[in-house]
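**Student:** after the sequence you'll find the predicted model.
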Amino acid sequence: MAMKIILQFLVLALVFNMLTTHRAWAEDDCYDDKELIKAQCKETLAVLGDYVLPKPECVRAVQKSDMACICRIIKSHEELQVCIIKFLRLARAYNRPLPSPGNKCGTYTIPFPPPSKSHL
């Protein structure tokens, strides 16, 4: 009888562990990318001042990072040091995927492009 209860408990613990681990796997795992971009592209992404062309180490960081994922996890307090519009410009300059128009990058909603003149 005691063995049956222990076995049931172990099965329940295993199922619980599998379900909670699965959720953790689904979370975005680009925190290292975000920190790399913030460190290597500090001048380019600075809130104050004009857009500065990225240094080679920034370009390498952009090319290897998941910029769309970074958009999803960037926090509002980080936007005090990272200009989201410059972040988007940098990602587009190196053809990195980004969230679709209408979606958020940090607290910024990515705008839809203006309609083409042929549709007016």
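**Tutor:** Sure, I can see it.

**Student:** so what's P113 up against?
**Tutor:** P113 is in contact with P101, counting by Cβ atoms under 8 Å, 6 or more residues apart in numbering. All C-beta atoms are positioned from the backbone trio N, CA, C, and that covers glycine.

**Student:** just the element for it, please.
**Tutor:** Taking DSSP states H and E as the criterion, P113 maps to no regular element, lying outside all helices and strands.

**Student:** for it, give me the pLDDT.
**Tutor:** According to the model's per-residue confidence, P113 sits at a pLDDT of 89.

**Student:** any idea how far it lies from L80?
**Tutor:** Using Cβ to Cβ, to the nearest Å, one gets 28 Å for the distance from P113 to L80.

**Student:** likewise Y94?
**Tutor:** The spacing between Y94 and L80, counted by Cβ to Cβ, is 24 Å.

**Student:** could you pull out the strands in this structure for me?
**Tutor:** With strands called from DSSP state E, the chain shows them at 104-105, 108-109.

**Student:** many thanks, we can stop here.
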